[in-house]
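Colleague: Next come a sequence and a model predicted from it.
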Amino acid sequence: MRGGYTMLFSQMFMPTMKEDPKEAEVLSHRLMLRAGFIRKLASGIYTWLPLGLRSLRKVENIVREEMNKKGAQELLMPAVQPKELWVESGRWEFYGKELLRFKDRGDHEHCLAPTHEEVVTDLVRREVRSYRELPLILYQIQTKFRDEIRPRFGVMRSREFIMKDGYSFDADEAGAEKSYMAMHDAYEQIFRRCGLRFRAVEADTGQIGGSFSHEFMVLAETGEDIIISCNNCGYAANLERAEVRAVARSITNKGGSYRKVETPGKKKVEDVASFLGIEPSKLIKTLLYATDKGTIGVLVAGDREVNETKLKNLLSLEFLTLADEATIEQVTGGPLGFSGPVGLSIPLYADRDVLCMEDFVVGGNQRDVHIIDVNLGDFSVRDFYDLKVACVGDGCPRCDGFHNATRGIEVGHIFKLGTKYSKSMNATFLDQEGKEKHMVMGCYGIGIGRTVAAAIEQNNDQFGMMLPFSIAPFEVEVLPVNTSHAESMEVADTIYKGLLAKGIDTVLDDRNERPGVKFKDCDLIGMPLRVAVGERGLKEGMVDIKLRTETEPVRIGRDEAIGRVLEYVAKFRGF
RNA sequence: CGGGGCGUGGCGCAGCAUGGUUUAGCGCGCUUGCCUUGGGAGCAAGAGGUCGCUGGUUCAAAUCCAGUCGCCCCGACCA
């Protein structure tokens, strides 16, 4: 039996654990270790064991099917890539330490690929000459490596990971949008079929520009990302992207009545506010940033944070960081913690909240001094923009609703690249008029392993995993309660073989273990459907069928078991 | 990279402040036998650790000191 298709637990390599391993913090990680899905080799580097691999493959196949349905074609690109391509795209320099670099014996520099824009663009530019060959969507399912700052949560954020990455090449913007929408559609199908509760949210497009980027977020308390969504309309975005509705200015106070007050040693907003006996929202924070376009100042309400992504995009900045103390003193004349807009000569950008503030407090640009009763007429800013980090309760930019916040796990990201890579790497084609044009690209990623982990994170109970039929390692487990009871084994074997013959992904727990051990393992691994065959039931010719999601089994005649299982599978497997 | 913590049989831990009664211990797991079989049983007998590594202090180091490696957790990246 060994070496063949092993669907007998007695012969399967499935090291389950009764106790929680110390290294695991989040639930999915713990369960994946306990259920024998994965084992760690090194920080952020994991082996997928047979059970886990079965789930991983099922996700992969769902991805393949849905990608293929959209006309995308699978290929497989190298993980080791020469430096030259990355220099050409400009990313050898920009990618940073996440890009693992090394030299081969000939002293040539290479990297372990974290993503494949360079290679796929190089491939396509060599082979595609004509608009007739476009559009083209290529994808692969392949191991990537990113030397993450801090790997954690097991396979959720690992350094080596399996990713589906796809790339579209179109002749024009309209085509690129079509490809993008096709991928968006495919992703919806993929995550739906994986049984995930998810949401596609708008994401930042950053330096690449363009207006299209969505992240597919699996909703989970332990998610690392924050999703802002409207309680009224369909608007949803990640935190760095989330916009806030503009509010009309209702203040007419022209100012001119401000005065300085002593605020000895009060640098933080909270300290100043409590010292003056006012709410932090009555203050305006003046933050100085060092940028590639010089030092700038940003004004935001005292109780809010500046969204640096918004700021970066607004001013098309390459580089943005908070100014150091020396710069602050030089620009404002006062120390850190006492900066204010009054009298400053650097460019000031204000959050729109400031428009609705009156008689507020700002720093006095000198030690231990703040200014109170300040109004908009008392200083000048370039303009007012949406610059703050969105919060629960903020107004939706699209309707009259308000923002909610939830946590999510990013399992997919689709991105309109435009001509960033086709320009830097000169990927062109001849259009209908014989003119040379740059291809318009998109890229589309799915973390395959992360998707498995996210599904577990979202589907579990105190006993273990509760994966859906579509991605559980097996669909059905036949569990003979006592393997030394001949009739039990006979009936179990008949049902097991009968289900296999019907194309049901079935496993037989034929281990000579005590019942408790087998039931616990079955629950831990989260077999969607369990058929328990025991001496007791058989006395009446019955076996027990139980869905993992139900608490009580259904007792049914032994000869009807296969038929009933087929009904369940038909109902829940779907697709 | 900064801050915190941990490295002791396969897993989870105790022992370490106050070096020597410890032949380094416990639970789970593992092996063998008996027994048991509808929710991680019971009894008995076993196997398995140069206490992360290197160096130092000492008559004596799991225990003290230094260095080093690995891992985990909290903050800056991304699928």
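Modeller: Done, it's in.
Colleague: all strands in the stretch 201-350 of chain A, in order from the N-terminus.
Modeller: A:213-219, A:225-230, A:236-238, A:259-262, A:284-291, A:294-301, A:320-322, A:348-351 (DSSP state E, counting those that start in this stretch).
Colleague: do the stretch 51-200 of chain A as well
Modeller: Under DSSP E, counting those that start in this stretch, the stretch 51-200 of chain A gives strands at A:73-74, A:80-82, A:100-103, A:109-112, A:136-145, A:160-170, A:198-202.
Colleague: and what of the stretch 351-500 of chain A?
Modeller: Under DSSP E, counting those that start in this stretch, the stretch 351-500 of chain A gives strands at A:360-363, A:369-374, A:383-385, A:403-418, A:428-430, A:436-438, A:440-447, A:460-461, A:464-465, A:476-480.
Colleague: how about those in JSON lines, adding distance to A:Leu138 and mean neighbour count?
Modeller: The way it works is simple: take the backbone N, C-alpha and C, and place the C-beta from them, glycine included. Output for the strands of the stretch 351-500 of chain A, formatted as JSON lines (distance: least, CB to CB, whole Å; neighbours: other CB atoms under 10 Å):
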{"stretch": "strand A:360-363", "distance to A:Leu138": "54", "mean neighbour count": "24"}
{"stretch": "strand A:369-374", "distance to A:Leu138": "57", "mean neighbour count": "21"}
{"stretch": "strand A:383-385", "distance to A:Leu138": "39", "mean neighbour count": "15"}
{"stretch": "strand A:403-418", "distance to A:Leu138": "13", "mean neighbour count": "22"}
{"stretch": "strand A:428-430", "distance to A:Leu138": "15", "mean neighbour count": "18"}
{"stretch": "strand A:436-438", "distance to A:Leu138": "17", "mean neighbour count": "15"}
{"stretch": "strand A:440-447", "distance to A:Leu138": "10", "mean neighbour count": "26"}
{"stretch": "strand A:460-461", "distance to A:Leu138": "36", "mean neighbour count": "15"}
{"stretch": "strand A:464-465", "distance to A:Leu138": "34", "mean neighbour count": "24"}
{"stretch": "strand A:476-480", "distance to A:Leu138": "37", "mean neighbour count": "28"}
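Colleague: Can you name the residues bridging to the closest residue to A:Glu74 other than its chain neighbours?
Modeller: Using CB to CB, 6 or more residues apart in numbering and skipping residues adjacent in sequence, the residue nearest A:Glu74 is A:Tyr139, 5.9 Å away. For A:Tyr139, the beta-bridge partners are A:Glu74, A:Gly166 (DSSP bridges).
Colleague: how deep is A:Tyr139 tucked in, by neighbour count?
Modeller: Residues lying near A:Tyr139 (other CB atoms under 10 Å) number 28.
Colleague: and if you look at A:Glu93?
Modeller: Residues near A:Glu93, counting by other CB under 10 Å, number 9.
Colleague: measure it to A:Phe319 for me?
Modeller: Separation of A:Glu93 from A:Phe319 (CB to CB, to the nearest Å) stands at 13 Å.
Colleague: Which one, of the strands of the stretch 201-350 of chain A, ends up nearest to RNA strand B?
Modeller: Of all the strands of the stretch 201-350 of chain A, strand A:225-230 sits nearest to RNA strand B, with 5.2 Å by CB to the nearest atom of the strand.
Colleague: and the strands of the stretch 201-350 of chain A, which one is worst for confidence?
Modeller: The minimum mean pLDDT among the strands of the stretch 201-350 of chain A belongs to strand A:320-322 (a mean of 82).
Colleague: ok, and for that one, which residues are buried?
Modeller: For strand A:320-322, burial by neighbour count (16 or more other CB atoms under 10 Å) applies to A:Leu320.
Colleague: quick one: that strand near RNA strand B?
Modeller: No: using CB under 7 Å from any atom of the strand, strand A:320-322 stays clear of RNA strand B, coming no nearer than 9.3 Å.
Colleague: Give the other helices and strands that that strand contacts.
Modeller: For strand A:320-322, the elements it packs on are strand A:284-291, helix A:308-314, judged by 3 or more CB pairs under 8 Å, 6 or more residues apart in numbering; DSSP states H and E.
Colleague: List the strands paired with that strand, with their directions.
Modeller: Applying DSSP bridges to the sheet, strand A:320-322 is found paired with strand A:284-291 (antiparallel).
Colleague: The partner strand versus strand A:294-301: what angle between them?
Modeller: Taking axes from the mean of the first three to the mean of the last three CA atoms, to 10 degrees, strand A:284-291 and strand A:294-301 form an angle of 150 degrees between their directions.
Colleague: Tell me the gap between strand A:284-291 and the middle of its chain.
Modeller: With CA atoms, centre = their mean, to the nearest Å as the basis, strand A:284-291 stands 30 Å off its chain's centre.
Colleague: repeat for stretch A:105-112
Modeller: Put simply, stretch A:105-112 sits 31 Å off its chain's centre (CA atoms, centre = their mean).
Colleague: contact partners of it?
Modeller: Residues from elsewhere that reach stretch A:105-112 (CB atoms under 8 Å, 6 or more residues apart in numbering): A:79-83, A:86, A:92, A:99-104, A:145.
Colleague: ok, now stretch A:90-97?
Modeller: A:83, A:86-87, A:99, A:111, A:114, A:118, A:147, A:149, A:424.
Colleague: and the contacts of stretch A:105-112, which are buried?
Modeller: Of the contacts of stretch A:105-112, these count as buried by 16+ other CB under 10 Å: A:79, A:81-82, A:86, A:92, A:99, A:145.
Colleague: Next, name the residue at the spatial heart of chain A.
Modeller: Centroid-nearest residue in chain A, with CA atoms, centre = their mean: A:Glu410, separated by 1.2 Å.
Colleague: Among the strands of the stretch 351-500 of chain A, which comes closest to A:Ser28?
Modeller: Evaluated over those, closeness to A:Ser28 peaks at strand A:460-461, with 7.6 Å, by CB to CB.
Colleague: about what we covered before: so which of the strands of the stretch 351-500 of chain A is nearest RNA strand B?
Modeller: With CB to the nearest atom of the strand as the measure, strand A:440-447 is the member of the strands of the stretch 351-500 of chain A nearest RNA strand B (2.3 Å).
Colleague: what packs against the closest one?
Modeller: Using 3+ CB pairs under 8 Å, 6+ apart, the elements in contact with strand A:440-447 are helix A:117-127, strand A:160-170, helix A:173-193, strand A:403-418, helix A:420-424.
Colleague: How far off centre is it?
Modeller: Offset of strand A:440-447 from its chain centre (CA atoms, centre = their mean): 14 Å.
Colleague: Convert that strand to PDB, retaining C-alpha atoms only.
Modeller: Taking Å, rounded to 0.1, in the frame of the first residue of the first chain, the C-alpha atoms of strand A:440-447 are listed here in PDB:
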ATOM      1  CA  VAL A 440      -0.400  48.200 -20.600                       C
ATOM      2  CA  MET A 441       0.100  45.800 -17.700                       C
ATOM      3  CA  GLY A 442      -1.700  44.500 -14.600                       C
ATOM      4  CA  CYS A 443      -0.600  42.100 -11.900                       C
ATOM      5  CA  TYR A 444      -2.600  39.900  -9.800                       C
ATOM      6  CA  GLY A 445      -1.400  37.900  -6.700                       C
ATOM      7  CA  ILE A 446      -2.900  35.300  -4.400                       C
ATOM      8  CA  GLY A 447      -1.200  33.900  -1.400                       C
END
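Colleague: strands paired with it, and their directions?
Modeller: With DSSP bridges as the test, strand A:440-447 is paired with strand A:160-170 (antiparallel), strand A:403-418 (antiparallel).
Colleague: Quick one: check it for contact with RNA strand B.
Modeller: Yes: judged by CB under 7 Å from any atom of the strand, strand A:440-447 comes into contact with RNA strand B at A:445-447.
Colleague: just to revisit the earlier point, will you turn the strands of the stretch 201-350 of chain A into TSV that also has distance to A:Asp20?
Modeller: As requested, these are exported to TSV (distance: least, CB to CB, whole Å):
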stretch	distance to A:Asp20
strand A:213-219	23
strand A:225-230	26
strand A:236-238	32
strand A:259-262	56
strand A:284-291	44
strand A:294-301	43
strand A:320-322	41
strand A:348-351	45
